[in-house]
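Participant: I need the structure of the sequence given here:
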Amino acid sequence: MSTLTLAKALNDGLRAAMEDDPKVLIMGEDVGKLGGVFRVTDGLYKDFGDSRVIDTPLAESGIIGTAIGLALRGYRPVCEIQFDGFVFPAADQIITQLAKMPLRSLGKLRLPVVVRIPCGGGIGAVEHHSESPEAYFTHTAGLRVVACSNPADAYHMIQQAIRCEDPVIFFEPKRRYWDKAVVDKAAEALPMHRGVVARPGTDVTVLAYGPMVKTCLEAATAAAEEGRSLEVVDLRSLSPLDTDLIFESVRKTGRCVVAHEAPVNSGLGAEIAARVTEACFYNLEAPVLRAGGFSTPYPPSRLEDDYLPDLDRVLDAVDRTFAF
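Facilitator: Numbers count the residues shown, from 1 in each chain. Model (predicted):
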């Protein structure tokens, strides 16, 4: 049992994966000597050398393209995209090659590539450094998309992603990198594609992932003071979704709010709301509501507190569910 920050838990998970399998490589901008902008790969270059922890040029398309070639040769590359907004130059390689090649080859070619993406706002950065691009990738068939929200999940899920035979987009909530929690490294890990009830409740199901899980837990604590019981579900896996868990919770509470930092317009919350409505229509006491970002480019840092969905915006959605 250790008390770790989320960043250190990822670091320990990467180290464990590299020690377990010599075919695991880390690639990215400044991941080697510097140890990454957020120090997630700190110390790995010193211990594993420049043949396994590779500082790349500032070329995201090249990083993913090279990783695809390495995966075809039997390696398991872990690519770091330094900031979420930098992933778009690599979108062609991810969407048209990484996601498609296994099916194109009728399963003969496997691409066990992990693409790590620090995501979301809350660190006082500008556009391209505070994006939430998950919907682009959950819309892309052939990719597994996951999001950790706490140190324990970070430690176990990064190793599960590396062992996975499919390409995995791995979102890390950058404003939670310094949050601490106790991690039991010997504990049996929940399967990567499963969600978890982070806080049981009876009145409203609140679905969240990544950085919003902590916000929603805080909202649940505040709601309890007013006599409302919120069940907070940490989705963990965004594609595929753990619909069994989602539906079970919604059928119990009869109300559902989906929260994410990304803009509400065409966000992942819309897909979840549609699925919940289709499967749980006769159990719902109110429409499925969403709490998310606004449909604008990410604002200057002094305005991000107004842009990002906070405890009050989540609670407002909860209140509105009781108005029906």
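Participant: Name the single longest helix found in this structure.
Facilitator: Longest helix in the chain, counting residues (DSSP state H): helix 6-20.
Participant: Please work out which residues outside that one touch it.
Facilitator: Residues outside helix 6-20 that contact it (Cβ atoms under 8 Å, 6 or more residues apart in numbering): 4, 24, 26, 38-44, 47-48, 52, 78, 148, 150-152, 154-159, 162-163, 172-173, 176-179, 181, 183, 185. For glycine as for every other residue, the C-beta is placed from the backbone atoms N, C-alpha and C.
Participant: Go again with 6 Å.
Facilitator: Residues outside helix 6-20 that contact it (Cβ atoms under 6 Å, 6 or more residues apart in numbering): 24, 38, 40, 48, 151, 154-155, 158-159, 162, 176-177, 179, 183.
Participant: Ok, stretch 29-38 next?
Facilitator: With Cβ under 6 Å, 6+ apart as the criterion, stretch 29-38 contacts Ala7, Thr41, Asp42, Tyr45, Val53, Asp55, Thr56, Leu58, Glu80, Gln82, Tyr177.
Participant: Separate out the buried members of those residues.
Facilitator: With burial judged by 16 or more other Cβ atoms under 10 Å, the buried subset of those is Ala7, Thr41, Tyr45, Val53, Thr56, Glu80, Gln82, Tyr177.
Participant: Please read off the pLDDT at the residue lying closest to the last one once chain neighbours are set aside from the model.
Facilitator: In this structure, Tyr177 finds its nearest non-sequential neighbour in Ala7, 4.1 Å apart by Cβ to Cβ, 6 or more residues apart in numbering. pLDDT recorded at Ala7 is 98.
Participant: could you measure Ala7 against Pro151, distance?
Facilitator: Ala7 sits 9 Å away from Pro151, going by Cβ to Cβ, to the nearest Å.
Participant: Quick one: the strands in this structure, in order.
Facilitator: 2-5, 24-28, 53-55, 76-80, 114-119, 144-147, 168-173, 180-183, 196-199, 204-208, 230-234, 237-239, 256-263, 289-293 (DSSP state E).
Participant: In TSV: those, plus distance to Val318.
Facilitator: As requested, the strands of the chain are exported to TSV (distance: least, Cβ to Cβ, whole Å):
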stretch	distance to Val318
strand 2-5	30
strand 24-28	39
strand 53-55	45
strand 76-80	36
strand 114-119	24
strand 144-147	22
strand 168-173	22
strand 180-183	25
strand 196-199	13
strand 204-208	5
strand 230-234	7
strand 237-239	22
strand 256-263	6
strand 289-293	8
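Participant: For Gly254, the count of nearby residues, please.
Facilitator: Neighbours of Gly254 under the rule other Cβ atoms under 10 Å: 16.
Participant: ok, it to Phe324 distance?
Facilitator: Counting by Cβ to Cβ, the gap from Gly254 to Phe324 is 11 Å.
Participant: same deal with Pro133?
Facilitator: Distance from Pro133 to Phe324, by Cβ to Cβ: 32 Å.
Participant: Comparing these two, which shows the higher neighbour count?
Facilitator: Pro133 (18 against 10).
Participant: Could you pull up the residues touching the more buried one?
Facilitator: Counted by Cβ under 6 Å, 6+ apart, Pro133 has contacts Asp84.
Participant: what about stretch 233-241, how long is it end to end?
Facilitator: This stretch, stretch 233-241, spans 12 Å end to end (Cα to Cα, to the nearest Å).
Participant: Only the buried residues of it, if you could.
Facilitator: So stretch 233-241, judged by 16+ other Cβ under 10 Å, has buried residues Val233, Asp234, Leu235, Arg236, Ser237, Leu238, Ser239, Leu241.
Participant: For the second one, give me its contacts.
Facilitator: Residues in contact with Asp234, defined by Cβ under 6 Å, 6+ apart, are Ser149, Val196, Ala198, Val213.
Participant: Can you select the buried ones from the residues you listed in ChimeraX?
Facilitator: Buried subset of the contacts of Asp234, written as a ChimeraX selection, criterion 16+ other Cβ under 10 Å:
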select :149,198,213
